[in-house]
Structures are given as structure tokens and as C-alpha cells.
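S.K.: The following block contains a protein sequence and its predicted model.
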Amino acid sequence: MASQSNPTEELKVFISTRESSCGECGENLGSKAWITLFKEKGALCLACADLDHLVFLPSADAALTRRAKKHSTLSAVVLKWSRARNRYERQGLMVEEQALEKAEEECLADSEVRERRREREAVRREESDGQYVERFAQRVRELFPACPRGRETAIAEHACRKYSGRVGRSASAKSLGEDAVRLAVIAHIRHRETDYDRLLARGYDRREARMEVESAVGKVLRSWEAQG
Ligand SMILES: [Zn+2]
């Protein structure tokens, strides 16, 4: 059925060194974009590759990296071409935010780690427009009254994050259109409530993985829509 690549092969994200545009959404990504490469489509932006929910962890801290990777269902190595050395060099790892937090907790004795988390949170606050996030979250709550407490904020923050996909920035999302909000909720459910990330980590392509989890997504969506 699924055309899986070698499951032991790590997913790779490249920091590109030349002008590129996304083979799926067509967006011009500039000359230093973070991209993934797919055979038939060439460069894909992280939003289209469905990796934009991952956070970047620079390789500086080996213990933290090892733990974060262990806790993350889906992770990707970040590579950058070194002209001087004529080879790709590892910059760090993209992991699930919860995995990073769990790993940080395990390393919490280390005060440097705490400092780094504070910095990361400050950057994130700067990146998202607080009021817009709040309105987006309210809209999620209206449309999906039974969604678990706190998820509306997670969904809104992700959808609104500047570097994230087009969902939070499209005109429809700006006006908090039902379709845009629904798309953000579906993306969240896919990553958090289904095996989707596990399938991607095992080498499924996104289309196959989406088909695989479609009914599970629908089920959660309907249960979150339920009134009372
Ligand atoms: Zn794209």
C-alpha cells in the first residue's frame, strides 16, 4: 500500500542558500528559506510539508537534543550547506514543542536550559499578534464548543505564528472565516489526536498519511462540534 521510504532515514530540513519557491503553494521563499525536498515537487515550505508545528532546537546541547528526539514522534534534522567545507552541516533538530518541554524538564537542574526556554517564549510572544490570537481562539471555541480546554489557544497561536503556514495569514483567516478556522482545527487534530505524525516519521507521504487518518480526524472534529 503505502510507498514508504527507509523508515530509519531521518527527515531533513534544509536551510537553502539560493532563491527558491514552494513547489506546492507557489510562495516565493526568498534565499534563506527553510525547506524540505520532495522528489517530484522539489522544494516545499515547512507549512506545505506539514512540519511547521515543529520547533527548532540548535545542536548546542547534546543531552537536550537526545532527550527531545526521544520524546518527539516526528523530528527532522536541519542542515545547511557550508561553502567552506563543501558539505552539509547539521544545525540542529526540529522537534515537537511538547517533546522539547519534556526534555527540558528532565534537564531542568541546568539553569541555562530554563533561560533558553524563557528566550524562546519571549520570541514566540513577539511573533504572534496577541489580540488576533485571542479572537482566533474565541472563534475556535464558538465553532467547536466541546474542544478540550486550552486547545483553542494552542490552535490559534499556531495558526497565527508569523513563520507558520498561510492559514493564519490568509484573508479568510484575517476575517476569521469559518473555513480558515476549521482548517486550523483540522491540522491540529491531525497532529495531536491521530497517528499522522507517526506515519510521516515512518516515511509515508502526506497524502497517504492524510487518507489514513481522515476518518479519525472527522470523528474528533464532530465530537468537538457537539453542543453541551
Ligand atoms: Zn508551500
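M.R.: Yep, it's here. What you are looking at is a predicted structure, and each value in this text was computed from that prediction instead of being measured.
S.K.: And the helix or strand containing E105, what's buried?
M.R.: Element membership for E105 (DSSP states H and E) is helix 97-106. For helix 97-106, burial by neighbour count (16 or more other CB atoms under 10 Å) applies to 97, 99-104, 106. (C-beta placed from N, C-alpha, C; glycine too.)
S.K.: Now the residue most central in space within the chain: closest residue in space that isn't a chain neighbour?
M.R.: Nearest residue to the geometric centre of the chain (CA atoms, centre = their mean): H53, 1.4 Å. In space, H53 comes closest to H191 once its chain neighbours are excluded; the distance is 5.5 Å by CB to CB, 6 or more residues apart in numbering.
S.K.: confidence score at that neighbour?
M.R.: Note on H191: pLDDT of 93.
S.K.: That one and L200 touch, don't they?
M.R.: No - between H191 and L200 there is no contact under CB atoms under 8 Å: 9.4 Å.
S.K.: Settle it for me: which of these two has more neighbours?
M.R.: Neighbours of H191 and L200, each counted by other CB atoms under 10 Å, are more numerous for L200; the result is 23 against 19.
S.K.: Doesn't the more buried one belong to a strand?
M.R.: No - L200 is assigned helix when assessed by DSSP: H, G, I helix; E, B strand; the rest coil, not a strand.
S.K.: Contact partners for it?
M.R.: Contact analysis of L200 by CB atoms under 8 Å, 6 or more residues apart in numbering lists 11, 50, 74, 206, 209.
S.K.: any idea how far it is from E89?
M.R.: Separation of L200 from E89 (CB to CB, to the nearest Å) stands at 24 Å.
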